[in-house]
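I'll drop the sequence and a predicted model, then ask my questions.
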Amino acid sequence: MSDFGNKSVVRREIIKALEKEGRNPDAYNIAGIMRDAFYYRGPGCGYGAPSEEEWRAAVEKHQRPFGIGDMVRVVLEIDGLTEHHFGKIAQFLKANGQMYRVTPAKPSNAYVDLLETRSRVVPLSAATRAEDDFEVITEHSEVHRGAGPWMDWYFKCRDCISTYKAARVKVVHKASGQCVRLCDECHSLERRVQLGHSVMWDGRRNKQTIFELRENPGLLTGPVDDCEADGYRQWADALPYLVPAEAAKQYAQWAEEQRVSGDA
Ligand SMILES: [Zn+2]
């Protein structure tokens, strides 16, 4: 960011920058961000833009508390899998499960309407804003990087592909690296959350293999040309975000050894 002439320009720039990061500007105290991160340099000089660190710190500090209807993410253990679930805050509750009589400044728990599993009460300390799970890329060259001649060098919107509408954003689920390219009309927080849940469903569909690899991380490092090991490796290459940590580590080492011995 460069320097800005006056407060309303700064305000607009802050909103733009928040949106670019996939955040909802309504969830932030814009005046607070301005006060903390944009220095007034005196008449004629306007406001100085913050460094990356100052920006981060101000954005974090001036996020308003959770509100009813906010989309959040919680981590749940379900049938042996660690799953990320999304849902909206329906109500705030006290630690003892009772309802607040007045709107609390710092609520401790919330009843969350989870979209893909049983809704439940969760401590707010364990909930994070759904927005923070995704990166939203709007830079044209980044959105369409890798689109070959077979698609006229640009990616279509995933959801209205029959109309061949060009994608305008690339949404990346940070935890898995999975992404979806969408047009402006199809892009929403709900659609981002759907991408997050698709990763969760991939985990459920592949539960058997995940458990096998957890039990026996060496399954991926069997001999080359071993049918069974090759099968596991193909699975891991297709769904790298589902490979349990230890198995992934051993597989990476194995792949490196193969590469070195292949070079020799
Ligand atoms: Zn679309």
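Structure's in. What do you need?

use CA for all of it now, contacts and neighbours both
Fine.

The helix or strand hosting residue 8: which residues count as buried?
Using DSSP states H and E, residue 8 falls within helix 7-20. Residues of helix 7-20 classed as buried: 10-11, 14-15, 18 (neighbour count, 16 or more other C-alpha atoms under 10 Å).

Which helix or strand lies directly C-terminal to it?
Per DSSP H and E, the first helix or strand lying C-terminal to helix 7-20 is helix 30-37.

Give me the below-cutoff pLDDT ranges for the stretch 1-150 of the chain.
1-3, 5 (pLDDT under 70).

What segments of it are strands?
Listed in chain order, the strands of the stretch 1-150 of the chain (DSSP state E, counting those that start in this stretch) span 39-40, 47-48, 71-78, 81-93, 109-114, 120-123, 128-129, 134-137.

Would you mind getting the angle between the third one and strand 81-93?
In terms of direction (axes from the mean of the first three to the mean of the last three C-alpha atoms, to 10 degrees), strand 71-78 departs from strand 81-93 by 130 degrees.

Spell out which strands sit alongside strand 71-78 in the sheet and which way each one runs.
If you go by DSSP bridges, strand 71-78 pairs up with strand 81-93 (antiparallel), strand 128-129 (antiparallel).

Deepest in the core, which of these is it.
Sort the strands paired with strand 71-78 by mean neighbour count, taking mean count of other C-alpha atoms under 10 Å, and strand 81-93 sits at the top with a mean of 20.

what residues does the helix holding residue 8 touch?
4, 24-25, 30-31, 33-34, 38, 47, 136-138 (C-alpha atoms under 8 Å, 6 or more residues apart in numbering).

now those as JSON lines including neighbour count?
Shown next, in JSON lines, are the contacts of helix 7-20 (neighbours: other C-alpha atoms under 10 Å):
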{"residue": "4", "neighbour count": "20"}
{"residue": "24", "neighbour count": "14"}
{"residue": "25", "neighbour count": "15"}
{"residue": "30", "neighbour count": "20"}
{"residue": "31", "neighbour count": "13"}
{"residue": "33", "neighbour count": "23"}
{"residue": "34", "neighbour count": "22"}
{"residue": "38", "neighbour count": "23"}
{"residue": "47", "neighbour count": "22"}
{"residue": "136", "neighbour count": "23"}
{"residue": "137", "neighbour count": "18"}
{"residue": "138", "neighbour count": "17"}
